[in-house]
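Enquirer: sequence and predicted structure below; questions after.
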Amino acid sequence: MISGKFAITLHILTLLSKFPDEFLSSDFLAGSMNINPVLVRKEIGNLKKHNIVESREGKFGGTRLAKAAKDITLEDIFKMTFESVSLGYSKNDPNPACPVGKKINQNLDALYMDINSQISSKLKGISLLEFSSEF
């Protein structure tokens, strides 16, 4: 299902790209988004796992990009936050005797695969640097 993870992660990375030589605190990042720093730290953990950011602790600690913004695509960010987009399925199992019910989930799967392909195709052509230049 769709969540705000992509938007949060992209917001974090856009801020980090604006201050490439500084370690930004999770409080600072969270303040920009008006969310709890715990949510920021959770997403930073995922970014660290993918070697996109590096962090340090202490008074002058924080997080900064570990890769150049020009080398990170929005598709990379999308794939770090989602396996794929799904708009969901019915909570009940469809009636297999119904001409629609017996094929609805199969047809939804094909639709969602097509949507994900189009999303990846669009995001692949946009770097974090290009996106952040809008700010």
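Expert: Received, thanks.

Enquirer: three-state assignment of residue 99?
Expert: coil (DSSP: H, G, I helix; E, B strand; the rest coil).

Enquirer: mind listing what's buried in the longest helix seen in the chain?
Expert: With secondary structure taken from DSSP state H, the chain has its longest helix at helix 104-124. Neighbour-count burial for helix 104-124, counted by 16 or more other C-beta atoms under 10 Å, picks out 112, 116, 119-120, 123. For every residue, glycine as well, the C-beta is placed using N, CA and C.

Enquirer: how about stretch 80-93?
Expert: 80-82.

Enquirer: contact partners of the helix or strand following the longest helix of the chain?
Expert: Note on helix 104-124: by DSSP states H and E, the next helix or strand toward the C-terminus is helix 128-132. Residues external to helix 128-132 that are found in contact with it (C-beta atoms under 8 Å, 6 or more residues apart in numbering): 10, 13-14, 17-18, 68-70, 72-74, 77.

Enquirer: neighbour-wise, give me the winner out of those.
Expert: residue 13 (27 neighbours; other C-beta atoms under 10 Å).

Enquirer: would you map the strands across this protein?
Expert: 53-56, 62-65 (DSSP state E).

Enquirer: want to try TSV for those strands, with distance to residue 90, mean pLDDT and mean neighbour count as columns?
Expert: Shown next, in TSV, are these (distance: least, C-beta to C-beta, whole Å; pLDDT from 0 to 100; neighbours: other C-beta atoms under 10 Å):
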stretch	distance to residue 90	mean pLDDT	mean neighbour count
strand 53-56	39	94	16
strand 62-65	41	96	21
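
Enquirer: brilliant, that's me finished.
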